[in-house]
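1. Sequence and predicted model, in that order:
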Amino acid sequence: MRIATLFLLALCATIACAEPYAVDFTSREALDAVVREGSQSYREEGGYMILRGGSSVYSAEATGPGVYHVRFTMIEADKFQYHVPLAEFFKADPADSSSDGYGITWQPWGLITLSANVGGERIYRREFIDPGPNNRNRYQAGEAVDLTLRVPPEGDCVEVYTFRTEPTGEPTCRFKLLDLPLEGHFGWHNTKSYSDTWIHSLSYR
């Protein structure tokens with residue numbers, strides 16, 4: 001009972017300390033609010049970060065349960081259907097893309113996957129694909145799309161909302177979370193050498 005009480009107190013403290021933020025790359029000032037690694041560059045005219053293979057951008061501020069949003073564009077390539085757009089949350093170290101945390105991939109052909117990584121190894125993976133005849137979660141190269149994630153205060157699951165900036169209505173899918181720390185950084189990691197991603201904005205509230 002004492003351990004459970006301490007856990008809840010720690011969780012409440014995390015939530016209380018986590019300040020909302022909105023990182024909009026239409027302004028160069030956004031660069032002060034993020035940690036960047038690898039082959040990436042900023043385009044002020046277009047208002048986005050270009051992430052090439054192996055690069056990442058994460059919020060500098062660690063946050064807990066709440067609502068996360070990213071707007072991104074995948075760039076056309078011969079292997080576009082194999083791109084693995086990876087939004088990560090509760091990332092332990094924003095300067096180390098191999099550090100512990102969760103990742104949500106939303107591939108262009110509609111597959112959505114949750115993974116959990118600990119000690120550089122993937123220890124958990126769950127998948128969702130729309131069961132209908134026409135997958136509603138497909139998107140095209142060059143199309144700016146919105147992905148919203150909601151982790152409730154108890155931190156037992158993550159709700160995924162595709163093509164939405166708000167967690168309204170029924171989620172596209174929901175994944176159970178493990179008993180891992182409910183605090184870390186939110187951002188994007190480009191895992192593929194043939195893949196380029198434009199990141200337009202990141203936010204938490």
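-> It's in.
2. Just list whatever residues bridge to I50.
-> S41, W198 (DSSP bridges).
3. helix, strand or coil for D32?
-> helix (DSSP: H, G, I helix; E, B strand; the rest coil).
4. now do Y68
-> Per three-state DSSP, Y68 ends up strand.
5. Not counting its neighbours along the chain, what's nearest it?
-> Spatial nearest neighbour of Y68, excluding adjacent residues (C-beta to C-beta, 6 or more residues apart in numbering): L149 at 4.4 Å. C-beta here means a position set from N, CA and C on the backbone, and glycine is covered the same way.
6. so who does that neighbour touch?
-> 67-69, 87, 89, 104, 158-161 (C-beta atoms under 8 Å, 6 or more residues apart in numbering).
7. Would you point out which residue is most central in the chain?
-> A87 (2.5 Å; C-alpha atoms, centre = their mean).
8. Surely that residue touches I112?
-> No - A87 is beyond contact range of I112, at 10.5 Å (criterion: C-beta atoms under 8 Å).
9. Common neighbours of these two, please.
-> By C-beta under 8 Å, 6+ apart, the residues touching both A87 and I112 are 104-106.
10. Need these in CSV (columns: secondary structure).
-> Below are the shared contacts of A87 and I112 laid out as CSV (three-state DSSP):
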residue, secondary structure
I104, strand
T105, strand
W106, strand
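11. Go through these and name the one nearest G38.
-> Proximity of the shared contacts of A87 and I112 to G38 was ranked by C-beta to C-beta; the top entry is T105 with 17.8 Å.
12. need the contact list for that closest one.
-> T105 touches 84-87, 111-113, 115, counting by C-beta under 8 Å, 6+ apart.
13. which strands and helices sit next to the host helix or strand of the residue nearest to the centre of the chain?
-> Using DSSP states H and E, A87 falls within strand 85-91. The contact analysis (3 or more C-beta pairs under 8 Å, 6 or more residues apart in numbering; DSSP states H and E) places strand 85-91 against strand 66-74, strand 101-106, strand 144-151, strand 185-190.
14. what's the offset of it from the middle of its chain?
-> 4 Å (C-alpha atoms, centre = their mean, to the nearest Å).
15. hey, what's E159 bridged with?
-> Applying DSSP bridges, one finds that E159 bridges with R150, R174.
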